[in-house]
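# Predicted structure and sequence below. I'll ask about it afterward.
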Amino acid sequence: MAGGRKNVLWVDDEIEFLRSHIMFLETRGYSVVPVFGGDEALQLLRDDPRRFDIVLLDEQMPGKDGLTTLEEIKEILPDLPVVMVTKSEEEQVMETALG
């Protein structure tokens, strides 16, 4: 979305706790769509592949975790930037995400 408002898809099972972060981004000109899980995010991306400029993706979610969701996002939209967000300090998580 060149020149316009940037659209962020934020995927986190605890999205309600991130409201202040979402409001911060919105005051900076971003449009943020919060979703609770990977399946919901993937459906939005399939329905409208050009809608989002970036995805913020939690790594630890029940059901479809962030790494699995990341793999599926990259199958659908390989050039879409994805930022993994996690509390985990395990080095393997970062290596897997980057791999």
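Yep, it's here. Numbers count the residues shown, from 1 in each chain.

# got the buried residues for stretch 4-13?
Residues of stretch 4-13 classed as buried by neighbour count (16 or more other Cβ atoms under 10 Å): Asn7, Val8, Leu9, Trp10, Val11, Asp12, Asp13. For every residue, glycine as well, the C-beta is placed using N, CA and C.

# Show me what whatever helix or strand the second one lives in is packed up against.
Okay, so that is Val8. Val8 belongs to strand 6-11 when assigned by DSSP states H and E. Counting contacts by 3 or more Cβ pairs under 8 Å, 6 or more residues apart in numbering; DSSP states H and E, strand 6-11 packs against strand 30-35, helix 38-47, strand 54-58.

# which of these is buried the deepest?
strand 54-58 (a mean of 21; mean count of other Cβ atoms under 10 Å).

# next one: the next helix or strand after it to chain centre, how far?
Proceeding N to C from strand 54-58, the next assigned helix or strand is helix 66-76, under DSSP H and E. Relative to its chain's centre, helix 66-76 lies at 10 Å (Cα atoms, centre = their mean, to the nearest Å).

# Show me what helix 66-76 is in contact with.
11, 38, 41-42, 45-46, 49, 55, 57-61, 80, 82, 84-86, 93, 96-97 (Cβ atoms under 8 Å, 6 or more residues apart in numbering).

# which parts of the next helix or strand after that helix are buried?
Using DSSP H and E, the next helix or strand after helix 66-76 towards the C-terminus is strand 82-85. Applying a neighbour-count criterion of 16+ other Cβ under 10 Å, one finds Val82, Met84 buried in strand 82-85.

# Now the host helix or strand of Glu26: average pLDDT?
Per DSSP H and E: Glu26 is located in helix 19-27. Here helix 19-27 scores 96 as its mean pLDDT.

# What helices and strands are in contact with it?
Counting by 3+ Cβ pairs under 8 Å, 6+ apart, helix 19-27 packs on strand 30-35.

# Relative to the strand it packs on, what are the paired strands and their orientations?
In the sheet, strand 30-35 lines up against strand 6-11 (parallel) (DSSP bridges).

# residues in contact with the strand it pairs with?
1, 18, 22, 25, 29-38, 40-41, 44-45, 51-58, 61, 66, 69.
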